[in-house]
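[1] generate coordinates for the sequence data below:
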Amino acid sequence: MKPILIFIGIFLIFLGMFLISLGMLLPNTNEEKTDNNNEKVEYAGVVMIGPIPIVVGNSPTLIIISVLILILMLLYFIFAFKFYVK
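    Next comes the predicted model:
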């Protein structure tokens with residue numbers, strides 16, 4: 001494996017950890033301070049029980065995005081398994 005790829009991988013890992021830490025430390029200034037609790041909260045998620053995915057949510061758009069992410073994850077596992085098994 002080329003050393004430059006190892007360096008890039010390690011750099012991206014540290015960059016990701018730095019950005020996550022920075023996001024936790026900086027305050028969110030876009031949040032409006034109101035007492036109105038009538039806002040609709042949308043959610044969606046995927047629960048994997050073994051090989052069976054269960055998609056839950058109340059927003060059709062977020063459910064479609066969750067299913068697309070599930071399909072991309074499945075494609076990744078198919079192609080990664082093909083390269084690791086000889």
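[2] list the buried residues in stretch 43-62.
    Across stretch 43-62, burial judged by 16 or more other Cβ atoms under 10 Å covers A44, G57. For glycine as for every other residue, the C-beta is placed from the backbone atoms N, C-alpha and C.
[3] please read the previous query as pertaining to stretch 4-16.
    Of the residues in stretch 4-16, none is buried (16+ other Cβ under 10 Å).
[4] what residue lies at the spatial centre of this protein?
    I69 (8.3 Å; Cα atoms, centre = their mean).
[5] with adjacent residues omitted, what lies nearest to it?
    Nearest non-adjacent residue to I69, counting by Cβ to Cβ, 6 or more residues apart in numbering: V46, 7.4 Å away.
[6] just how off-centre is the helix or strand containing the one you found within its chain?
    If you go by DSSP states H and E, V46 is part of strand 44-49. Distance, stretch centre to chain centre, for strand 44-49: 12 Å (Cα atoms, centre = their mean, to the nearest Å).
[7] elements contacting that strand?
    strand 52-57, helix 60-84 (3 or more Cβ pairs under 8 Å, 6 or more residues apart in numbering; DSSP states H and E).
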